[in-house]
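Participant: sequence? don't have it. structure:
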Ligand code: HH2
């Protein structure tokens, strides 16, 4: 349960796919995916984002039956694991089955444009909706993306999608927005969005950022996807400083620690975390304290 979105919220990625850009195939077996999700919760993930279709540049779409087959057993296995569950899908039938299995967040990278039934489903179920900006579609989105001013254009898009969601009956208080780092964007577009993220935050809804292991970090650092944790954290900390609320990451333990320290520093107030030593997991108890 998220009580205060002013605290950074870590959303751990559980990709049940053969072809995701950084961990494709690793968690395709449902048992492995469930164990991975539980490990991410132990590392501090407050949300698990379960996806059965890669949206990496060039990815081919996955059929509904196959996507359902991948994600539903994993969500069912993670219900009660100690985190909110999010379904990363643009198909209403997949979202509906995921909500039935225990998800409370629909993370739709098409921002309700991919399936005409999605808005009504979310309105009807009263769940949280994450609406993300994407230019074009995954198969073609990195072919020479162009904008007038990328931040102004993404902000206008998210504002329009928020208004459409509310018009469809979705509670505005349940909508999160995401600039869609890497979705139809050059490296310069990604950097501009992160540097001016406060302009997206000004829309008044919690902002989600997903920079984790993405190729712009590789271009800047020369690192492979599984070596991009430091770059991921740098971008997350700067996004936090500009007002982002939810951080979608593969490397939960590292991101959590960095965000807790960055948030405490920005606020001048800290929360002591005592890690339990009586279990083999890293479950923690947190007590509020104040630095004088
Ligand atoms: N990025 C990816 C997938 N879903 N959802 C939101 N809201 N924001 C993001 O930035 C975002 C997202 C891509 O990352 P990943 O899931 O690791 O890769 P793939 O799409 O290849 O499975």
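Facilitator: Nice, I can see it. Every value quoted in this text rests on a predicted model; they were computed, and no experiment measured them.

Participant: Enumerate the residues of the stretch 1-150 of the chain near the ligand.
Facilitator: Within the stretch 1-150 of the chain, the positions adjacent to the ligand are 13, 15, 17, 20-22, 51, 54-56, 88, 107, 109, 130, 132 by C-beta under 6 Å from any ligand atom. Glycine gets a C-beta too; all of them are placed from N, C-alpha and C.

Participant: quick one: which of those residues sit in strands?
Facilitator: 13, 15, 51, 88, 107, 130, 132 (DSSP state E).

Participant: and stretch 160-176, which residues are buried?
Facilitator: Neighbour-count burial for stretch 160-176 flags 161, 162, 165, 170, 174, 175, 176 (criterion: 16 or more other C-beta atoms under 10 Å).

Participant: Report the distance from stretch 21-38 to the chain centre.
Facilitator: Counting by C-alpha atoms, centre = their mean, to the nearest Å, stretch 21-38 is centred 16 Å from the centre of its parent chain.

Participant: From one end of it to the other, what's the distance?
Facilitator: End-to-end distance for stretch 21-38: 22 Å, by C-alpha to C-alpha, to the nearest Å.

Participant: Could you give me the buried positions within it?
Facilitator: Result for stretch 21-38 [16+ other C-beta under 10 Å]: buried residues 21, 22, 23, 24, 27, 28, 30, 33, 34, 36, 37, 38.

Participant: so what's residue 11 up against?
Facilitator: 45, 46, 47, 48, 49, 86, 208, 246, 247, 248, 249 (C-beta atoms under 8 Å, 6 or more residues apart in numbering).

Participant: want to try a markdown table for the residues you listed, with secondary structure and pLDDT as columns?
Facilitator: A markdown table is the format used below for the contacts of residue 11 (DSSP: H, G, I helix; E, B strand; the rest coil; pLDDT from 0 to 100):
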| residue | secondary structure | pLDDT |
| --- | --- | --- |
| 45 | coil | 98 |
| 46 | coil | 98 |
| 47 | strand | 98 |
| 48 | strand | 98 |
| 49 | strand | 98 |
| 86 | strand | 98 |
| 208 | strand | 98 |
| 246 | strand | 98 |
| 247 | strand | 98 |
| 248 | strand | 98 |
| 249 | strand | 98 |
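
Participant: Neighbour count and distance to residue 143 added to these, as TSV?
Facilitator: Formatted as TSV, the contacts of residue 11 follow (neighbours: other C-beta atoms under 10 Å; distance: C-beta to C-beta, whole Å):
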residue	neighbour count	distance to residue 143
45	28	34
46	19	36
47	26	32
48	29	32
49	27	27
86	29	29
208	27	25
246	25	29
247	29	28
248	25	24
249	27	27
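
Participant: Identify the residues contacting stretch 135-146?
Facilitator: The contact list for stretch 135-146 (C-beta under 8 Å, 6+ apart) reads 54-61, 134, 147, 183-186, 189.

Participant: So which of those belong to helices?
Facilitator: Secondary structure assignment by DSSP state H places residue 189 of the contacts of stretch 135-146 in helices.

Participant: Could you identify which of the contacts of stretch 135-146 has the most neighbours?
Facilitator: Neighbour counts for those (other C-beta atoms under 10 Å) peak at residue 183, which has 27 neighbours.

Participant: check contacts around the closest residue to that one other than its chain neighbours.
Facilitator: In space, and not counting its chain neighbours, residue 183 is closest to residue 134: 3.9 Å by C-beta to C-beta, 6 or more residues apart in numbering. By C-beta under 8 Å, 6+ apart, the contact set of residue 134 is 55, 109, 110, 111, 141, 180, 183, 184.

Participant: ok, which pair from the residues you listed is furthest apart?
Facilitator: Put simply, by C-beta to C-beta the two of these set farthest apart are 111 and 141, 13.7 Å from each other.

Participant: neighbour-wise, which of those two wins?
Facilitator: Per other C-beta under 10 Å, whichever of residue 111 and residue 141 has more neighbours is residue 111, with 26 against 20.

Participant: Is the more buried one in contact with residue 131, as I believe?
Facilitator: Yes: between residue 111 and residue 131 there is a contact at 3.9 Å, judged by C-beta atoms under 8 Å.
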